[in-house]
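S.K.: Structural data only, the sequence is not supplied:
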Ligand code: ATP
Ligand code: MG
């Protein structure tokens, strides 16, 4: 991509009401644009990041055995009344249509997926089954001041699994933990499994938490036995670990994922049963599993940045290489153009800064945008047929022969 043609520009301006680092950097770098509190447009660079996260999530959910579907965001009131959540969910966006019909914009999809799966599952032979979607969710969050961490419209991957009995549910639930850890590791996040409130049916649910100062959650962390708990759910708020008796510390943290054994909470509400081998009707056991790809994107910025800008892990960077031509020497520009053509021909995702702006601005913008590798072509090194290569996360500069550059990136 040629930066002179890229839709979206870097800017020094950020909306005055943005206090979070992720929003500041993502807006300044031209990755997202703010429409209103908690609602953002993804510009080309930001959308490439979001799609990469969603692709990683998709791969791990397929490996876990999930099948992708796509449910409507516009949902009928009746389904929510059946589970009492029309009144219980305080962040539910409610709409009125023609003929006084009422709707909700999906904040989560148990009310839609349960009657959907019921239509296709009758016998024990149809179970287990797991379906998921990646879709925008809507929540009327009271405080939407954390950029992509807390949106009013945000990307969520929600998977729902259905089982013959509690053991089968528990088995899938354990496997989902590993899939979740894989997702976060691949996204460059060090996520910890934390015990959280389990609701009426289960002792605990489990959250995947990234410890960082900018997080809104507080976690009791036990570094001795490794069992951590969300402060919200702990009855006796004490720094003594209830499992091993050692001292705990409190860490601020971002919840990037949450898994829940719902058991029969929703299947009972929708009268969803199956027939077992003996011909007897049995309740279906259910679990739900959520990840917020847009919150993951915000979290990565919170964790991976310095005072110059963002530092993208390779797996999520919108482009791998930032090719920067410095100066207006025609030889430099011609060489940069031909290296750019060679890189894209070799399949290397490259952003080429071909803009007619000062060298200082190009270098600052490259730091702000934060692609993993920066290649600089200038008259200084070109005479010797070299380019300067620098990784965003290191200060070392290497000189590379131009003829060898594209080979470096092709695996
Ligand atoms: P929180 O406690 O932070 O409000 P939650 O527990 O209500 O989140 P879940 O219903 O468990 O969230 O949603 C599953 C996942 O969706 C969360 O783990 C998070 O990654 C993401 N998520 C939830 N709410 C938001 C939001 N407002 N903006 C962005 N991502 C969100
Ligand atoms: Mg949660």
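M.R.: Arrived safely. Just so it is clear, the model here is predicted, and its values are computed rather than measured. Residues are numbered from 1 along each chain as shown. Ligands and ions are numbered 1, 2, ... in the order given.
S.K.: and residue 406, what pLDDT?
M.R.: We have a pLDDT of 87 for residue 406.
S.K.: try residue 106
M.R.: Value for residue 106, per-residue pLDDT: 98.
S.K.: And for residue 411?
M.R.: 67.
S.K.: longest strand anywhere in this structure?
M.R.: Counting residues, the longest strand found in the chain (DSSP state E) is strand 249-263.
S.K.: and that strand, which residues are buried?
M.R.: In terms of neighbour count (16 or more other CB atoms under 10 Å), strand 249-263 has its buried residues at 251, 253-263. For glycine as for every other residue, the C-beta is placed from the backbone atoms N, C-alpha and C.
S.K.: for stretch 63-70, how far is the first residue from the last?
M.R.: Length of stretch 63-70, first residue to last, CA to CA, to the nearest Å: 18 Å.
S.K.: I'd say residue 291 and residue 257 touch.
M.R.: Yes. With contact defined as CB atoms under 8 Å, residue 291 counts as touching residue 257 (4.5 Å).
S.K.: Spit out the residues that contact those two alike.
M.R.: 180, 183, 208 (CB atoms under 8 Å, 6 or more residues apart in numbering).
S.K.: closest to ligand 1 among those?
M.R.: residue 208 (7.2 Å; CB to the nearest ligand atom).
S.K.: can you list the residues of this protein near ligand 1?
M.R.: 108, 139, 141, 150-151, 154, 156, 255-258, 290-292, 294-295 (CB under 6 Å from any ligand atom).
S.K.: Could you say which helix or strand holds the residue of the stretch 51-200 of the chain found nearest ligand 1?
M.R.: In the stretch 51-200 of the chain, the residue that lies nearest ligand 1 is residue 154 (3.6 Å; CB to the nearest ligand atom). Assigned by DSSP states H and E, residue 154 falls within strand 153-163.
S.K.: Partner strands of that strand and their direction?
M.R.: Applying DSSP bridges, strand 153-163 is found paired with strand 129-138 (antiparallel), strand 285-291 (antiparallel).
S.K.: following it, which helix or strand shows up next?
M.R.: helix 166-186.
S.K.: Would you state the helices of the stretch 301-411 of the chain in chain order?
M.R.: Along the stretch 301-411 of the chain, the segments classed as helices by DSSP state H, counting those that start in this stretch run 330-345, 359-369, 379-382, 405-409.
S.K.: just the ones you listed: most buried one?
M.R.: Of all the helices of the stretch 301-411 of the chain, helix 359-369 carries the top mean neighbour count, a mean of 18, counting by mean count of other CB atoms under 10 Å.
S.K.: hmm, who's touching that one?
M.R.: 10, 25, 28-30, 45, 308-310, 318, 322, 324, 326-327, 351, 353, 355, 374, 378, 392.
S.K.: now the residue positioned nearest the centre of the chain: how far from residue 128?
M.R.: Note on the chain: the residue nearest the mean C-alpha position is residue 293, at 2.1 Å, using CA atoms, centre = their mean. The spacing between residue 293 and residue 128, counted by CB to CB, to the nearest Å, is 25 Å.
S.K.: Looking at the stretch 301-411 of the chain, what residue ends up closest to ligand 1?
M.R.: Evaluated by CB to the nearest ligand atom, the stretch 301-411 of the chain has residue 302 as its residue closest to ligand 1, separated by 12.9 Å.
S.K.: How many neighbouring residues does that residue have?
M.R.: 23 (other CB atoms under 10 Å).
S.K.: Quick check: closest non-adjacent residue to it.
M.R.: residue 214 (4.8 Å; CB to CB, 6 or more residues apart in numbering).
S.K.: who touches that neighbour in this structure?
M.R.: 20-22, 146, 149, 252, 254, 302.
S.K.: now with 7 Å?
M.R.: For residue 214, the contacting residues are 20-21, 302, by CB atoms under 7 Å, 6 or more residues apart in numbering.
S.K.: And residue 125, by the same measure?
M.R.: By CB under 7 Å, 6+ apart, residue 125 has no neighbours at all.
S.K.: Recalculate using a threshold of 10 Å.
M.R.: By CB atoms under 10 Å, 6 or more residues apart in numbering, the contact set of residue 125 is 164, 274-275, 277.
S.K.: Residue 338 too?
M.R.: Counted by CB under 10 Å, 6+ apart, residue 338 has contacts residue 402.
S.K.: okay but residue 289 is in contact with residue 169, surely?
M.R.: No. Residue 289 is not in contact with residue 169 according to CB atoms under 10 Å; the separation is 11.5 Å.
S.K.: shared neighbours of those two, which are they?
M.R.: With CB under 10 Å, 6+ apart, residue 289 and residue 169 have common neighbours residue 161.
S.K.: Who does the residue of the stretch 51-200 of the chain closest to ligand 1 form a beta bridge with?
M.R.: residue 137.
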